[in-house]
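Trainee: sequence and predicted structure, then a few things I'm wondering about:
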Amino acid sequence: MTGHDLSVAEVEAIAREAHARQTDKAGRPYAEHLAAVAEGVRLRGGGDGQIAAAWLHDAIEDAALSAQWLAAAALPQEVKDMVLAVTKRPGEELSSYAARILATPGALLIKEADLAHNADPERLAVLDAATRTRLTAKYAQVRELLGLAGDESPSDRKNPANPETH
């Protein structure tokens, strides 16, 4: 340990390197998704901890980094907790996954930005019809479980992890 927490820029560099050889379902560099989620968190009023967690949100799930790496990383515990909250576990029911996200301060905003990017019509349009249909239904179900299914826009609600923002 260096005695200081990793900066958002340092976390971004680690995430980009960890996912460097990965692509998304459309064959695009995976770092594009990470950048979009981090930017989505920032635009929704997220703080540096949430932005750092956004950069790492798929690292454990996709085996780009290990849980041991995260545990030892020079990051605030809140960031580690958010990353673990949004990490889907093998065989886990969506309801359990959603409950963990809702119970972890700051995690909902990360998952909201993740879902928004995953459900982007332009991203979905390049997928085959069966995959597009399956993912659209899955994302809608997760949004509903998280209470994100309403018409309220992110700018209309306060971020519970950063209450001074809208």
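Mentor: Nice, thanks for sending it over.
Trainee: report the buried residues of the helix ranked longest in the chain.
Mentor: Assignment by DSSP state H gives helix 129-145 as the longest helix of the chain. Across helix 129-145, burial judged by 16 or more other Cβ atoms under 10 Å covers 132, 135, 139, 142, 143, 145. For the C-beta atoms, the positions are set from N, CA and C on the backbone; glycine is no exception.
Trainee: for the element among helices and strands of the chain having the smallest mean pLDDT, name the packing helices and strands.
Mentor: Using mean pLDDT, DSSP states H and E, helix 121-125 stands out as the lowest-scoring helix or strand of the chain, at a mean of 92. If you count contacts as 3 or more Cβ pairs under 8 Å, 6 or more residues apart in numbering; DSSP states H and E, helix 121-125 packs onto helix 129-145.
Trainee: chain center to the least confident helix or strand of the chain: distance?
Mentor: With Cα atoms, centre = their mean, to the nearest Å as the basis, helix 121-125 stands 18 Å off its chain's centre.
Trainee: where along the chain do the helices fall?
Mentor: 8-18, 30-43, 48-56, 67-72, 77-85, 94-103, 107-118, 121-125, 129-145.
Trainee: can you put those in CSV and add distance to residue 24?
Mentor: As requested, the helices of the chain are exported to CSV (distance: least, Cβ to Cβ, whole Å):
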stretch, distance to residue 24
helix 8-18, 14
helix 30-43, 5
helix 48-56, 15
helix 67-72, 22
helix 77-85, 19
helix 94-103, 20
helix 107-118, 9
helix 121-125, 8
helix 129-145, 11
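Trainee: pick the most buried one from those.
Mentor: Mean neighbour count (mean count of other Cβ atoms under 10 Å) peaks for helix 48-56 among those, with a mean of 27.
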